[in-house]
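In: Next one to model:
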Amino acid sequence: MRRPLLILSAVAVLGALPPAMVRAQDQGPGLAGAYLAARAAVIEGNHRAAAVYFETALAADPGNSFLIGNAIFANAALGQWGRAETIADMLEPSDEGSEMVNLVRIVRRLAENDLAGARAAIESGQGAGPFTDGLSLGWIALGEGDMRRATDAFREVATDEALADIALTHLALARAAVGDFEGADAIFSGDEFGPLSVTERSIRARAEVLVQLDRADDAVELLDFFTNSVPDPGLLALRDQIAGQDGTPPYSFITTARQGLAEVFHSIAHAMGRDAGSTTLPLLYARAAHGIDPAHTEALILAGQLLSEAQQHALAADAFAEVPEGDPQYVEAQLGRADAYFADGRPDEAVEVLQALSTENGGLASVQAALGDALRRTDRCAEAVTAYTAALDNVDITQRRNWFLYFARGICHEALDDFDASEIDFRQALVLNPDQPQVLNNLGYSLVEQRRNLDEALGMIERAVEGDPDSGYIVDSLGWVLYRLGRFEEAVAPMERAVALLPNDPIINDHLGDVYWMVGRQREARFQWERALSFDPEEAEALRIRRKLEVGLDAVLREEGGVGETQ
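Out: Numbering: from 1, shown residues only. All right, here's what the predicted structure looks like:
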């Protein structure tokens, strides 16, 4: 009886061991140990380790279709298509036929531009799967010189409501590839089939189409509109390129069937990555897009993003690192790589990546802002201020979306005890985004800690709570400003709610203890201070809490030379 090929997933290996693996335990520790290690790697989502261990197990049990199927998957998830096909060739003919094997062989055919072989495989039911096969037939037809058949294929896929936008976008791309730019824009504009969902890729394609129609100004306007809300580095670079060029450069987005076929897999991966509960199939399709067309670096970036979502940050960093320097997507890839390093607990490497990137791309606000964020997260606030200032020097400071640059720089000024500069930045952030809860809270809390403008601080923090009522830190600020104003009874309710929202925060528990003390609930105050100590506060805070437990809050305030914290 034929044994099924299982696609590598936690579901596939978490159940009972397959019979072949049960028998394998009698063959010695090599096979069983490698299989169990592979099983653990699958649970973690570590495709690299899974590939190594499944192949180790396969060496001990050649021809085992269960091991072959999973080794194929692990290598494909790493983008190692040649290795995946070599393993697929180990299968007996009776064990072939899975979508995984079909995908591996389709990727090889398309990468080699074997359009006839790919079409024959799809038509015989051995394609990559229902999401991609119809769209692939459209591009194969175009590559074989039959635009009418290509159009029919894309229109057929468009009858499926779930795939309609993607299919019509590919029809527009196919028209552009053969020089029908009017027909392409009729689709992109919505004139022919109605509005379509837009992506960074379709915006880029339409901008290039508009240039071919001698509408460069419209292309710049389109890119300005899109990047105003999504400052994509690649689109910003394209915008500057179009705005600064003379004449009409040749259309270059997708000009060959192989590029279009890679775009099929990228489009489906992108769509599934937003909607699917698992990143498994989207990752395979993203890797397939790059395997078909190694110049499709957006597919590498998508693979990195999907791996990050799966908490495979080291693999994500490796995927981003594959984008070559000089590629239009290089900056975005390096930003993703730095994020992956941070998530992987490697902050110094993240900073190094961003510092190197800023050396060559210092005029890009996105790069300077990312560097500022990285330096701020590693407590290098003086350097972060410099980076944020460079970012602000390269943006339109009147645009609302730039509030965060002022806010982040304000946080760094505050950490450096430069409260005047911090307040200026916070207030400028509020000019751009008047109701932003984080800014209102930070400025309000800063004023509270400086014990000035307390009525204004209270108003700001009340607005912050209205904007984000479930933030424990913001609700704590409300309780604390009421405490500073001497309105102790009113402070109790928000402070208790803050502790309920963030029960393990030492500062908030300490604050609640102070409020309880001031309303005569001294036993409860001591209990909250004990709780605060259990959550490892900063050493200076811990010393003060211990002193309060020893002599009480009133005595501590006298020792500190104040007549009360409400002054």
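
In: Quick check, pLDDT for Ala47.
Out: Let me fix one detail, which is that residue 47 is His and not Ala. Per-residue pLDDT puts His47 at 86.

In: Give me the neighbour count for it.
Out: Look at His47: counted by other Cβ atoms under 10 Å, it has 26 neighbours. Where C-beta positions appear, they are placed from N, C-alpha and C, glycine not excepted.

In: ok, residues contacting the helix or strand encompassing Leu447?
Out: Using DSSP states H and E, Leu447 maps to helix 437-450. The contact list for helix 437-450 (Cβ atoms under 8 Å, 6 or more residues apart in numbering) reads 403, 407, 410-411, 414, 419, 422-423, 426-427, 429-430, 433, 453-454, 456-461, 463-465, 467-468, 471, 473-474, 477, 480-481, 484.

In: where's Gln245 relative to Leu485, distance?
Out: Remark: distance between Gln245 and Leu485 (Cβ to Cβ, to the nearest Å) = 61 Å.

In: Please, where are all the helices along the stretch 301-450 of the chain?
Out: 313-321, 330-343, 347-360, 365-377, 381-392, 403-415, 419-432, 437-450 (DSSP state H, counting those that start in this stretch).

In: mind pulling up the phi and psi values for Asp232?
Out: phi -70, psi 120 (degrees, to the nearest 10).

In: picking that back up, more neighbours: which of Gln245 and Leu485?
Out: Leu485 (16 against 11).

In: mind listing what's buried in stretch 528-538?
Out: Gln528, Trp529, Arg531, Ala532, Leu533, Pro537 (16 or more other Cβ atoms under 10 Å).

In: among those, which are in helices?
Out: Gln528, Trp529, Arg531, Ala532, Leu533 (DSSP state H).

In: nearest residue to the first one other than its sequence neighbours?
Out: Closest residue in space to Gln528, ignoring its immediate chain neighbours: Gly513 at 3.4 Å, by Cβ to Cβ, 6 or more residues apart in numbering.

In: wait, isn't the one you found in contact with Arg523?
Out: No. The pair Gly513 and Arg523 does not pass the contact test of Cβ atoms under 8 Å, sitting 10.7 Å apart.

In: pLDDT of stretch 426-433, averaged?
Out: On average, stretch 426-433 scores 97.

In: More neighbours: Gly513 and Arg523, which one.
Out: Gly513 (27 against 7).

In: Name the helix or strand for that one, please.
Out: helix 506-518.

In: Spell out for me which residue occupies the centre of this structure.
Out: Gln305 (5.2 Å; Cα atoms, centre = their mean).

In: confidence score at it?
Out: So Gln305 comes in at 94 (pLDDT).

In: for Val11, same thing?
Out: 33.

In: go on, Val22?
Out: Confidence score, pLDDT, at Val22: 43.

In: Same check on the one 4 residues further on?
Out: Turning to Asp26, the model gives it a pLDDT of 46.

In: How about the one 5 residues further on?
Out: We have a pLDDT of 71 for Leu31.

In: what's around it, how many residues?
Out: 23.

In: likewise the one 10 residues further on?
Out: Other residues lying near Ala41 total 21 when counted by other Cβ under 10 Å.

In: doesn't Ala57 make contact with it?
Out: No. Here Ala41 does not reach Ala57: they are 11.4 Å apart, not a contact under Cβ under 8 Å.

In: okay, now the domains of this protein?
Out: 10-96, 467-559 (automatic domain parsing).

In: Run through the chain and note the low-pLDDT ranges.
Out: Low-confidence segments of the chain, defined by pLDDT under 70: 1-30, 35, 93-97, 274-278, 562-567.

In: check contacts around the residue nearest to the centre of the chain.
Out: Gln305 touches Gly273, Ala316, Gly336, counting by Cβ under 8 Å, 6+ apart.

In: and what of Ile424?
Out: Gly410.

In: So it versus Leu443, what's the distance?
Out: For Ile424, the distance to Leu443 - Cβ to Cβ - is 10 Å.

In: How about the secondary structure of Pro294?
Out: coil (DSSP: H, G, I helix; E, B strand; the rest coil).

In: how many neighbours does it have?
Out: Around Pro294 there are 15 residues (other Cβ under 10 Å).

In: Not counting sequence-adjacent ones, nearest residue to Leu78?
Out: Leu78 sits nearest to His47 (Cβ to Cβ, 6+ apart), 5.3 Å away.

In: Might you report the residue contacts of that neighbour?
Out: Contacts of His47 (Cβ under 8 Å, 6+ apart): Leu8, Ala41, Ala74, Ala77, Leu78, Gln312, Leu315.

In: List the buried residues of the helix or strand encompassing the second one.
Out: In this case it means Ala41. In the assignment (DSSP H and E), Ala41 maps to helix 29-44. Within helix 29-44, the residues scored as buried using 16+ other Cβ under 10 Å are Leu31, Ala32, Ala34, Tyr35, Leu36, Ala37, Ala38, Arg39, Ala41, Val42.
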